[in-house]
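Colleague: Here's a sequence, model it:
(one chain, ligands or ions: 1)
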Amino acid sequence: MEILKAENLTKKYINKTALDNLNITLEKGKIYGLLGPNGSGKTTLMKIIAGLLQASSGNIQIMESMIGKDTKKLVSYMPTTNHLSNGMKIKHWIECFHDYFEDFNKEKAQELIDFMKLKQDMKIKNLSTGMVQRLKISLAISRDAILYVFDEPFNGIDPVSREKIMETLLNNLDEEKTIIISSHMVSELERILDRVIFLDDGKLIINEDADFLRVERKMSIDELYREVYKDA
Ligand SMILES: Nc1ncnc2c1ncn2[C@@H]1O[C@H](COP(=O)(O)OP(=O)(O)OP(=O)(O)O)[C@@H](O)[C@H]1O
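Modeller: Just a heads-up that it's a prediction; the model follows:
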């Protein structure tokens, strides 16, 4: 089942076309790796899907609704930046998410925060980079959305914690959910991906089944990535 469809999606900033006539569909229940070098348009696409940025032209629909207020309720988005204000404690953010998102499961968030070895009384300003990432991920996973969009969830995270986060994603989001993850850590991510999307300078160059690509190209997704972008 198709849950997202983008047609001729273009995003122009003042002197840069960040997304160039993108046509893309996402299927229900799949984990997508959104891959590409710096500046290829990954964050721009994710922000548009999350309803935080408007495309310059083209259409994008989620569950057959045009992007807007209604589709925001269907998408749980974890930005790459720290969007949680510093003076607040973790427990305040749990309350905020609970107030703001109808689909937010407070008990689940509390469990995940414990699992991630965080304490509810910790202030955001006292958290390390990796701890902030773990908190952002816990909050995003605690929503019961249709589509989960994680922008660079492994930034600043050590290898053991990366494994833990991947396990948490797989264990907490059932097979009905669709997930998009952008990352530069292709080799670590590849084992959980069903499909891969390669962007290059705002253009879609691959949207394909990961196993199919491995067999067809006789290489891992990581090797394919290095080959495709060797001149980037
Ligand atoms: N607000 C903005 N104003 C002008 N240009 C922008 C803006 N945001 C992004 N860009 C440009 O759009 C292009 C795509 O940026 P984007 O952040 O989507 O790429 P990305 O693939 O997420 O990169 P990275 O891997 O470095 O995070 C880049 O050339 C970037 O400089």
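Colleague: Let me see the backbone angles for residue 166.
Modeller: phi -60, psi -40 (degrees, to the nearest 10).
Colleague: Check the closest residue to it other than its chain neighbours and give its pLDDT.
Modeller: In space, residue 166 comes closest to residue 192 once its chain neighbours are excluded; the distance is 5.7 Å by Cβ to Cβ, 6 or more residues apart in numbering. To be clear about C-beta, it is placed using only N, CA and C from the backbone, and glycine gets the same treatment. Listed pLDDT for residue 192 reads 93.
Colleague: if I look at residue 192, how far off is residue 220?
Modeller: Residue 192 is 13 Å from residue 220, where distance means Cβ to Cβ, to the nearest Å.
Colleague: now do residue 112
Modeller: According to Cβ to Cβ, residue 112 stands 30 Å off from residue 220.
Colleague: swap in residue 5?
Modeller: Per Cβ to Cβ, residue 5 is found 29 Å from residue 220.
Colleague: How about residue 2?
Modeller: Applying Cβ to Cβ, the value for residue 2 to residue 220 is 28 Å.
Colleague: do the same with residue 130
Modeller: Taking Cβ to Cβ, one finds residue 130 at 26 Å from residue 220.
Colleague: residue contacts, the residue nearest to residue 166?
Modeller: Residue 192 is in contact with 31, 166, 169-170, counting by Cβ atoms under 8 Å, 6 or more residues apart in numbering.
Colleague: again, only using 7 Å
Modeller: When the contact criterion is Cβ atoms under 7 Å, 6 or more residues apart in numbering, the partners of residue 192 are 31, 166, 170.
Colleague: So what does it look like in phi/psi?
Modeller: Dihedral pair for residue 192: phi -100, psi 0, per degrees, to the nearest 10.
Colleague: between residue 112 and residue 220, which one's more packed in?
Modeller: Between residue 112 and residue 220, counted using other Cβ atoms under 10 Å, the more crowded position is residue 112 (22 against 16).
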